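**Student:** I'll drop the sequence and a predicted model, then ask my questions.
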Amino acid sequence: MALNGTLMPFLYPCLHTSRGNAPRALRRWLQLGRPTTNTQCLSTRHIATVSSTKGGYEDESFDDTPESELDRLDPPPDSYSITPFTDRCSIVLHAGSGGHGCISFLREKYIENGPPNGGDGGTGGNIYIQAVQGETSLHKLARRGILKAGRGKNGQGKGQGGTRGEDILITVPVGTIVREVWRHDPVAEEEVADKRAKAMGADAVFDDEPGVVDNTRKWRRDKWLLFPGAMPQSFTSADFPPLPRPRRSQIAMAQPPAPIRLDLDTPMDTPQLLAAGAMGGLGNPHFVTKSITRPKYGTKGDEGMKVEIQLELKLLADVGLVGLPNAGKSTLLRAITNSRARIGNWAFTTLQPNIGTVVLDNHKGRPLVPTSSTKKGPARTNFTIADIPGLIEDAHLDRGLGLGFLRHIERAGILAFVVDLSAGDAIQSLKGLWKEVGQYELLRDREVNAETERRVEEEKEMVRYSPLVQAEAPNVFEDGSVLFNPDGSRVLPELKLPPISSKPWLVVATKADLPETRENFAALQAYLKSISEGETVHPSGKKNAWKKKLHAIPVSAKLAQGVERITPIVVDLLEN
Ligand SMILES: Nc1nc2c(ncn2[C@@H]2O[C@H](COP(=O)(O)OP(=O)(O)OP(=O)(O)O)[C@@H](O)[C@H]2O)c(=O)[nH]1
Ligand SMILES: [Mg+2]
């Protein structure tokens, strides 16, 4: 029963909906009666739950009065909406294999032994990626594991080429980073083997010297298709022409150089190619020579490449909320946006990031808050806020939920530190939060450095998305075939994240409605003033940290008081 009282509402909120049926007045009373500290809270909640069920309120008629604004800001813990969320996953991509070439001959009245007319195999399907607005999580991809593009269809008689394999488009949220883990590219491997053989003189002049048996290019039985009904014994290796060079489809030049490293931080108008499908095999008309007018062989389609990629989502919001657990971050998010983030009077109510949008223009196209007139482009009509799980002291040592969730706000334009005025010295809380943010930055830099060292010579650039039209001309061989050359591909700027301490920041002091918070706030305000005047060092300890326009805003998120002051300040920081 004790277990039931303490853990059950936390683990199984749906079992505790009986409170929803209790009269609203009782619910208000229960919520007002909740004390502020965690341990007390759980025991009161226990009593509240038990009393509301034992009191026999289940048969009470359902109270259907609309939820008032204040109820929305102090909801019972079971009133929240949650969407599935995954921010890391890896998937294996199989680009489509090519269809086989066809071996066929013209059959017509009065034409004996017609000429060959087998079509080529179709190209395999390509795999594209596109960052789109509206997607917020990678959970759908995380479930897939393997994504296979369609295989090209085989060629057919009467010179009909096979149809292309079906493409796959992966849509990901804006802010996704793509990294390659490994790849198996049969065509590239063949090209390398070819080059090596050439360097060793193996297939130096095999076309002119029929006597030389070349093992690399000439005889690969697994690459050839024979005419149906033809006896394999009737072919000798000498009957076959040299195997055509490995080919790539024209579109393969748009592939990012291996290994793939993409930062999809803007919505993309056109998809970016990740893996191009393999070429189809050649039909028998390709092998007509003076001596062999009716070749009874064609080639098989190439095998498609396989790549494993790792996707990591770093949510992009304009404002990131950083605070200790139970500081009131989610309540603040609810107060200024339409979010339905979960709220509870205990630490770690929030277990995954929540994003809310502040609409500035009431969807009318005219901003209600004056935005910068000097800036070009359309006026800002909204901004987004990310609420992440709380950070505790020593989160960098993996205490609490660790620092991992900070990656969702590291790219935010502004950081809003949420401090609870009723929970001890606000200045100490703020310093503690900056310390953890600093530790996160250190860890991140160390990770980036380690990764840089691991990278091989030719992959120096973090490739950013750029449309296909910017691609350079491919390398074309004498025979017209195209070779994809990683060195000749687009050179794009490396991704550099600015130091977190250089971002504009502000402090939102919550729970200002509680008694005896005034002095705490006054001390906090004096502390910020001394930082901006250069008398006190910035809490991050960094020299180039942001010190201009430091604001501390006292609010009561629960009573929706003072929160309207946040929006103009944030818009001002974002715009200027
Ligand atoms: N009196 C008062 N209580 C508040 C205020 N803001 C939040 N609370 C209460 O503080 C408790 C914690 O609020 P949450 O919004 O869940 O806090 P959080 O920072 O999101 O907590 P975690 O998700 O655990 O990190 C809830 O019981 C809120 O009702 C406020 O301005 N005044
Ligand atoms: Mg929360």
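**Tutor:** Thanks, I have it. Ligands and ions are numbered 1, 2, ... in the order given.

**Student:** From here on, just use CA atoms for contacts and neighbour counts.
**Tutor:** Noted.

**Student:** Show me what from the protein comes close to ligand 2.
**Tutor:** Contact residues (CA under 5 Å from the ion) of the chain with ligand 2: 330, 350.

**Student:** where in the chain is pLDDT low?
**Tutor:** 1-70, 201-220, 234, 237-238, 362-378, 451-497 (pLDDT under 70).

**Student:** Determine the set of other helices and strands touching the longest helix seen in the chain.
**Tutor:** Assignment by DSSP state H gives helix 426-454 as the longest helix of the chain. With contacts defined as 3 or more CA pairs under 8 Å, 6 or more residues apart in numbering; DSSP states H and E, helix 426-454 has these neighbours: strand 414-420, helix 518-532.

**Student:** Go again with 10 Å.
**Tutor:** Judged by 3 or more CA pairs under 10 Å, 6 or more residues apart in numbering; DSSP states H and E, helix 426-454 is in contact with strand 319-323, strand 414-420, strand 505-510, helix 518-532.

**Student:** Present those as JSON lines; the columns should include mean neighbour count and distance to residue 298.
**Tutor:** Shown next, in JSON lines, are the helices and strands packed on helix 426-454 (neighbours: other CA atoms under 10 Å; distance: least, CA to CA, whole Å):
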{"stretch": "strand 319-323", "mean neighbour count": "26", "distance to residue 298": "60"}
{"stretch": "strand 414-420", "mean neighbour count": "26", "distance to residue 298": "62"}
{"stretch": "strand 505-510", "mean neighbour count": "26", "distance to residue 298": "67"}
{"stretch": "helix 518-532", "mean neighbour count": "17", "distance to residue 298": "76"}
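
**Student:** For ligand 1, which of the ones you listed is the nearest?
**Tutor:** Of all the helices and strands packed on helix 426-454, strand 505-510 sits nearest to ligand 1, with 4.7 Å by CA to the nearest ligand atom.

**Student:** Now do that closest one against helix 426-454: the angle between them, please.
**Tutor:** Orientation of strand 505-510 against helix 426-454 (axes from the mean of the first three to the mean of the last three CA atoms, to 10 degrees) gives an angle of 140 degrees.

**Student:** and strand 505-510, which strands flank it?
**Tutor:** Using DSSP bridges, strand 505-510 pairs in its sheet with strand 414-420 (parallel), strand 552-554 (parallel).

**Student:** picking up where we left off before, run the chain-centre distance for the longest helix of the chain.
**Tutor:** Distance of helix 426-454 from the chain centroid (CA atoms, centre = their mean, to the nearest Å) equals 21 Å.

**Student:** ok, it near ligand 1 or not?
**Tutor:** No - applying CA under 6 Å from any ligand atom, one finds helix 426-454 separated from ligand 1 by no less than 12.6 Å.

**Student:** tilt between that helix and helix 518-532?
**Tutor:** 50 degrees.

**Student:** Could you report the separation of residue 434 from ligand 2?
**Tutor:** For residue 434, the distance to ligand 2 (CA to the ion, to the nearest Å) stands at 19 Å.

**Student:** any chance of the helices and strands packed on helix 426-454 in CSV, plus distance to residue 116?
**Tutor:** Converted to CSV, those look like this (distance: least, CA to CA, whole Å):
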stretch, distance to residue 116
strand 319-323, 67
strand 414-420, 68
strand 505-510, 73
helix 518-532, 83
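
**Student:** Include distance to ligand 1 when you put the ones you listed into JSON lines, please.
**Tutor:** What follows is those, written out as JSON lines (distance: least, CA to the nearest ligand atom, whole Å):
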{"stretch": "strand 319-323", "distance to ligand 1": "6"}
{"stretch": "strand 414-420", "distance to ligand 1": "8"}
{"stretch": "strand 505-510", "distance to ligand 1": "5"}
{"stretch": "helix 518-532", "distance to ligand 1": "13"}
